[in-house]
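Student: Give me coordinates for this.
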Amino acid sequence: MTNEELTHRAAEVRSYVVKMLAAAGAGHPGGSLSIVEILQVLYGEFMHVDPQKPHWPDRDRLILSKGHAAPALYATLMLQGFFPEAELWQLRQCGAMLQGVPDMNRTPGIDMSTGSLGQGLSAGNGMALGARLDHAAWHTYVLCGDGEIEEGIVWEAAMTSAHFKLDNLTLIIDHNKLQLGGTTEDVMNIMPIDAKFRDFHWHTITINGHDFTQIKSALQEALAHKGQPTVIIAETVKGKGVDFMENNKEWHNKALDAKDAATALKELGGEG
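Tutor: Okay, the predicted model is just below:
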């Protein structure tokens, strides 16, 4: 996809996220909006997947470790053809396909159930090791939040990735610098992220997580790098694309009412 096509798709996904969360009356808009560009590049250019065969053994895998950002992933999967649009409007309803966090047993295109933060990289390690044992070429991507890496299990998993030289695994960190309790700096300072991962023997790349060209370049570099796992630290804006949500922790998990949704959609170029 060209950058122009990706820009259009990102705006479309953001509009879906706003409408889904407004319809559901609950959810996490801020962290969903901050990962939109990353998801569009992954599914639009890099990941080998088949919506008609969601369990295709040779597909690339994605683990959304920050599972509360599921609306962005759901909208992306729908536009890729994994399920019909009508499913989006059942978000969080009892018995629906799409719940507040991803469910691999319920939703086509979901490779790992998440929601309990910190566990995605450990699961990704297992997938990457499995691919190596099977002599398979598919790649595992793990997308996690910056607040999430305050958890010790992430660093145990990071040691494991490096120890086994899992160059068929790429970790992407959504560094939007905000979490439920405030800034990551105030809650539990995680900086410097790049130096920490280098000390854990990872290959590190830092990018603007909303710049398609930089995202593409980083993912290409990660695929080409051998002998180490790669972490891409994506500098992002929480609530990206909606002015009153940007860099505002209140929108970590605040429900959108009809007025909020209308204002956001007008700004995004969708219907108000």
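Student: So what would you say the end-to-end distance of stretch 230-247 is?
Tutor: 27 Å (Cα to Cα, to the nearest Å).
Student: where does it sit relative to the chain's centre, distance-wise?
Tutor: 11 Å (Cα atoms, centre = their mean, to the nearest Å).
Student: just stretch 97-114 next, same as before
Tutor: 13 Å.
Student: Let me see the residues that make contact with that stretch.
Tutor: Applying Cβ atoms under 8 Å, 6 or more residues apart in numbering, the set of residues contacting stretch 97-114 from outside is 26-27, 49, 51, 54, 61-68, 70, 73-74, 77, 80, 82-83, 87-88, 90-92, 115, 120, 123-124, 127. No exception for glycine: its C-beta is placed from N, CA and C like everyone else's.
Student: how about 6 Å then?
Tutor: 54, 61-65, 67, 70, 74, 77, 82-83, 87, 91-92, 115, 120, 123 (Cβ atoms under 6 Å, 6 or more residues apart in numbering).
Student: Give me the subset of those residues that lies in helices.
Tutor: Ala70, Tyr74, Leu77, Gly120, Ala123 (DSSP state H).
Student: Need those residues in CSV (columns: distance to Ser161).
Tutor: Compiled in CSV, the ones in helices among the contacts of stretch 97-114 are given as follows (distance: Cβ to Cβ, whole Å):
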residue, distance to Ser161
Ala70, 24
Tyr74, 27
Leu77, 26
Gly120, 12
Ala123, 12
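Student: Could you dump those into TSV and include pLDDT and distance to Arg198?
Tutor: Output for these, formatted as TSV (pLDDT from 0 to 100; distance: Cβ to Cβ, whole Å):
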residue	pLDDT	distance to Arg198
Ala70	98	31
Tyr74	98	34
Leu77	98	33
Gly120	98	21
Ala123	98	23
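Student: so which two of those are the farthest from each other?
Tutor: Using Cβ to Cβ, the ones in helices among the contacts of stretch 97-114 span at most 19.3 Å, a distance reached by Tyr74 and Ala123.
Student: More neighbours: which of these two?
Tutor: Tyr74 (28 against 19; other Cβ atoms under 10 Å).
Student: Let me see the ranges of the strands in the stretch 101-250 of the chain.
Tutor: 140-145, 169-175, 178-179, 182-183, 203-208, 230-235 (DSSP state E, counting those that start in this stretch).
Student: okay, these in a markdown table with mean neighbour count and distance to Ala131 next?
Tutor: Putting the strands of the stretch 101-250 of the chain into a markdown table (neighbours: other Cβ atoms under 10 Å; distance: least, Cβ to Cβ, whole Å) gives the following:
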| stretch | mean neighbour count | distance to Ala131 |
| --- | --- | --- |
| strand 140-145 | 27 | 7 |
| strand 169-175 | 27 | 9 |
| strand 178-179 | 25 | 32 |
| strand 182-183 | 14 | 37 |
| strand 203-208 | 18 | 18 |
| strand 230-235 | 24 | 15 |
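Student: Kindly provide the distance from the closest residue to Arg132 other than its chain neighbours to Ile215.
Tutor: Using Cβ to Cβ, 6 or more residues apart in numbering and skipping residues adjacent in sequence, the residue nearest Arg132 is Asn168, 6.6 Å away. Applying Cβ to Cβ, to the nearest Å, the value for Asn168 to Ile215 is 19 Å.
Student: Please name the nearest non-neighbouring residue to Ile193.
Tutor: Going by Cβ to Cβ, 6+ apart, Ile193 has Ile233 as its nearest residue, at 5.3 Å.
Student: got a list of what the one you found touches?
Tutor: By Cβ under 6 Å, 6+ apart, the neighbours of Ile233 are Ile173, His175, Ile193, Asp194, Thr206.
Student: which residues touch the first one?
Tutor: It stands for Ile173. Ile173 neighbours (Cβ under 6 Å, 6+ apart): Cys144, Asp146, Ile233.
Student: Go ahead and confirm the second one touches Thr184.
Tutor: Right, the one you point to is Asp146. Yes - taking Cβ atoms under 6 Å as the definition, Asp146 is a contact partner of Thr184 at 5.2 Å.
Student: Much appreciated, bye for now.
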